[in-house]
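Participant: Quick one, what's the 3D model for this:
(chains A and B)
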There are 2 protein chains.
Amino acid sequence: MTWPRGASAGPEGPTVPAPAGVAAVAAGAEVAAGWSVGLDVGGTKTLGVLVAPDGAVGPSVRLAARRGGDGVAGTAAEAVRVLVAEAGLPAGSVAGVGIGLPGIVDPVAGRVEHAVNLGIEAAVPLAAQVSAALDGVPVRLENDLNVAALGAAHLLPDPAPDLAFLALGTGLAAGLVLDGRLRRGASGVAGEIGHLVHVPGGLPCPCGQRGCLEQYASGGALSAAWPGLGDRPAPVALFEAADSGDAGAVAVRDRFAGAVAAAVRVLLLTTDVAHVVVGGGVSELGDPLLRVVRARLDDEARDSAFLAAMHMAERVTLAPRGVPVGAVGAALVGRKES
Amino acid sequence: MTWPRGASAGPEGPTVPAPAGVAAVAAGAEVAAGWSVGLDVGGTKTLGVLVAPDGAVGPSVRLAARRGGDGVAGTAAEAVRVLVAEAGLPAGSVAGVGIGLPGIVDPVAGRVEHAVNLGIEAAVPLAAQVSAALDGVPVRLENDLNVAALGAAHLLPDPAPDLAFLALGTGLAAGLVLDGRLRRGASGVAGEIGHLVHVPGGLPCPCGQRGCLEQYASGGALSAAWPGLGDRPAPVALFEAADSGDAGAVAVRDRFAGAVAAAVRVLLLTTDVAHVVVGGGVSELGDPLLRVVRARLDDEARDSAFLAAMHMAERVTLAPRGVPVGAVGAALVGRKES
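Facilitator: Residues are numbered from 1 along each chain as shown, chains lettered A, B, ... in the order given. Model (predicted):
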């Protein structure tokens, strides 16, 4: 895939080059021919990416978020126009747009039911709104964890990728791609492991239970246990303090690693996914995070031949950096690959 | 489906009538035409069932178990011959035989790697052995939990059944059928939730960990906590004592119900299956078991709008009684429906 000239610079923020070795997607009967755009809409920014007809990941764009249904729809349509213009694609080239959002989404109706972080508190027919702003291009919606899992799966070389995308963000949850197919679940909550009880009678959770895994294994949990100093994010401040020998920091880091390891174990023992890909804000810690989680999994396997045989530590990886994984997955939704 | 005369009596033990309302299976390209036989091989008995070309469940047979590779193979071949003879089917009518076994099975190679309860401690090419004894009829193997899940799915009216079969036997584990497809997992251990930690630092488990769910939510756990009296099975004795107000029995029953509810929660939050079907020896308790597990799930949902919205209690059911669910699933494996 050779990108048209001028395709590598978005209007706002850094753009992301197409990663090397991105797996091409075999076009099935269900896959729309043509280009697709994927958008990963978050509380502070919208990331967009263009995906070529052969599945190659192209240039991306980053726009500041606007709140509310009209704000989100307007930013989404703008991101598509910017990507198409920058890539120099002729009108009508885009066969589909996919949008991933943090909230309760009805993919069939193309409706966002609720998305507190985006300022959407009543149902919004977002797919129709964005489509109308783009001369009728088909627009599909999906939950943000599901698009992240699809994007991570697309970036693996496996013909039938099998993984959980474990997002360590404000909260804790996973998206699942099993045997190459997105697993939404019967009520659309597959992967909501953050509300399994990790510490009986433990920390209160807004969900109404106590001791939920999310209270121990999320970015929010880390910030509560070890507030960052100045402009250093909490996870960075914590890991630095632990590395420098601060006993309190070591204890907080170890408790966090144990909880993330528990989340990995739940995913592996229940669904037996080939890979657990760790993403979300905390994953920006990179290798130091991976190291402590793997060490914890290895520790637990030391006393258990059963766990040792599962090779849990080596099945955990970090989400690829420098690639807008969620936006890539959203583009696959846009071309109906889900 | 009308059964040939004489098809309703097996040579040993009770036979099971075809249940009313069994869902017919649409024959796809992968489905072998013709009759199939399913065998559920256990440590004490082998249950066999004949399934018609249209998917209707026919007569069954029960044979005493024999141990070791040759014993298991011999009993399996005998069960097939008995079913075919009793149904009066002409030679060559059986297109496939499926066998479910409690152990480590390689479905592709048709080999049992290890099955302690059957006296198989080194790899046995069981599929080839049984096939040779049956004039070359194709024979396929599968794990016993997987065939139980497939059988339970077949007995639902849903076009794409979605369930976990939660077996409360000596141990605790689940089989998964997701969106109509068997989920084996990347290393064949999907559903092994019995070795998730339920009580940190709790009862030792043969797997090497402490506090595994299996130590609290299985038939083995019940027997350890409340040994049966005389010929009354432990679960029956326990529930009777609890019903009569014995405070110790109530405590053991409540702890058990809490652990089963935890297993249900893990399955629902991780995979979001439409149904959790409870089977295994303990499920013979019937409605009293279902009642205490549902009550526990309802209790937990009382303080959590999140859990309440999942309607967990009503998604739990008991495996159908009087139907050899595992053997039915094995027959589907025999006709390649997995």
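
Participant: How many residues are close by the residue of the stretch 51-200 of chain A found nearest chain B?
Facilitator: Closest contact between the stretch 51-200 of chain A and chain B, by Cβ to the nearest Cβ, is at A:Gly185 (2.4 Å). In this view, the C-beta of every residue, glycine as well, is placed from N, C-alpha and C. Per other Cβ atoms under 10 Å in any protein chain shown, the neighbour tally for A:Gly185 reads 21.

Participant: Repeat that for A:Arg140.
Facilitator: Quick note: A:Arg140 (other Cβ under 10 Å) scores 24 neighbours.

Participant: Could I get the contacting residues of the nearest residue to the residue of the stretch 51-200 of chain A closest to chain B once chain neighbours are set aside?
Facilitator: Leaving aside its chain neighbours, A:Gly185 sits nearest to B:Asp272 (2.4 Å; criterion: Cβ to Cβ, 6 or more residues apart in numbering or on different chains). Applying Cβ atoms under 8 Å, 6 or more residues apart in numbering or on different chains to B:Asp272 gives the contacts A:Arg183, A:Arg184, A:Gly185, A:Ala186, A:Ser187, A:Gly188, A:Val189, A:Ala190, A:Gly191, A:Glu192.

Participant: Need phi/psi at the residue lying closest to the fourth one once chain neighbours are set aside.
Facilitator: If I follow you right, that is A:Ala186. Residue nearest to A:Ala186 in three dimensions, not counting chain neighbours: B:Ala274, with 3.7 Å by Cβ to Cβ, 6+ apart. Torsion angles at B:Ala274 (phi, psi; degrees, to the nearest 10) stand at phi -60, psi -40.

Participant: And B:Ala274, how far from A:Leu203?
Facilitator: Applying Cβ to Cβ, to the nearest Å, the value for B:Ala274 to A:Leu203 is 31 Å.

Participant: Then A:Val293?
Facilitator: Plainly put, A:Val293 is 20 Å away from A:Leu203 if you go by Cβ to Cβ.

Participant: Which strands and helices lie in contact with the helix or strand hosting A:Gly175?
Facilitator: Assigned by DSSP states H and E, A:Gly175 falls within strand A:172-178. Under the contact criterion of 3 or more Cβ pairs under 8 Å, 6 or more residues apart in numbering or on different chains; DSSP states H and E, strand A:172-178 touches helix A:144-154, strand A:163-168, strand A:181-183, helix A:247-271.

Participant: Would you reformat those as a markdown table and include mean neighbour count, distance to chain B and mean pLDDT?
Facilitator: Below are the helices and strands packed on strand A:172-178 laid out as a markdown table (neighbours: other Cβ atoms under 10 Å in any protein chain shown; distance: least, Cβ to the nearest Cβ, whole Å; pLDDT from 0 to 100):
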| stretch | mean neighbour count | distance to chain B | mean pLDDT |
| --- | --- | --- | --- |
| helix A:144-154 | 29 | 12 | 97 |
| strand A:163-168 | 30 | 9 | 98 |
| strand A:181-183 | 22 | 6 | 96 |
| helix A:247-271 | 21 | 4 | 97 |
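
Participant: Make TSV from these and add distance to A:Ala174 to it.
Facilitator: As requested, those are exported to TSV (distance: least, Cβ to Cβ, whole Å):
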stretch	distance to A:Ala174
helix A:144-154	7
strand A:163-168	5
strand A:181-183	10
helix A:247-271	6
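
Participant: If you count surrounding residues, which of A:Val293 and A:Leu203 has more?
Facilitator: A:Val293 (27 against 16).

Participant: mind listing what that one touches?
Facilitator: A:Val293 touches A:Ala257, A:Val260, A:Ala261, A:Val264, A:Val278, A:Ala313, A:Val316, counting by Cβ under 8 Å, 6+ apart.

Participant: how far away is the residue located most distally from the centre of chain A from chain B?
Facilitator: Farthest-out residue of chain A from its mean C-alpha position, per Cα atoms, centre = their mean: A:Asp303, at 33.3 Å. As judged by Cβ to the nearest Cβ, to the nearest Å, A:Asp303 and chain B stand 5 Å apart.

Participant: Repeat that for A:Val37.
Facilitator: 28 Å.

Participant: If that residue is in a bridge, with which residues?
Facilitator: Beta-bridge partners for A:Val37, by DSSP bridges, are A:Leu50, A:Val97.

Participant: Check the spacing between it and A:Gly169 real quick.
Facilitator: From A:Val37 to A:Gly169 the distance is 23 Å (Cβ to Cβ).

Participant: Between those two, which is the more surrounded one?
Facilitator: A:Val37 (33 against 18).

Participant: I'd say the more buried one and A:Val80 touch.
Facilitator: Yes: the pair A:Val37 and A:Val80 qualifies as a contact (Cβ atoms under 8 Å) at a distance of 4.9 Å.

Participant: what's the overlap in contacts for the two?
Facilitator: Common neighbours of A:Val37 and A:Val80, counting by Cβ under 8 Å, 6+ apart, are A:Gly48, A:Val94, A:Val97.

Participant: I'd like those as JSON lines, with distance to B:Val72 and neighbour count appended.
Facilitator: Putting the shared contacts of A:Val37 and A:Val80 into JSON lines (distance: Cβ to Cβ, whole Å; neighbours: other Cβ atoms under 10 Å in any protein chain shown) gives the following:
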{"residue": "A:Gly48", "distance to B:Val72": "59", "neighbour count": "28"}
{"residue": "A:Val94", "distance to B:Val72": "59", "neighbour count": "24"}
{"residue": "A:Val97", "distance to B:Val72": "56", "neighbour count": "30"}
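
Participant: For these, give me CSV that also has pLDDT.
Facilitator: As requested, the shared contacts of A:Val37 and A:Val80 are arranged in CSV below (pLDDT from 0 to 100):
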residue, pLDDT
A:Gly48, 97
A:Val94, 95
A:Val97, 98
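
Participant: Where does pLDDT dip in the stretch 101-250 of chain A?
Facilitator: Scanning the stretch 101-250 of chain A for pLDDT under 70 picks out nothing.
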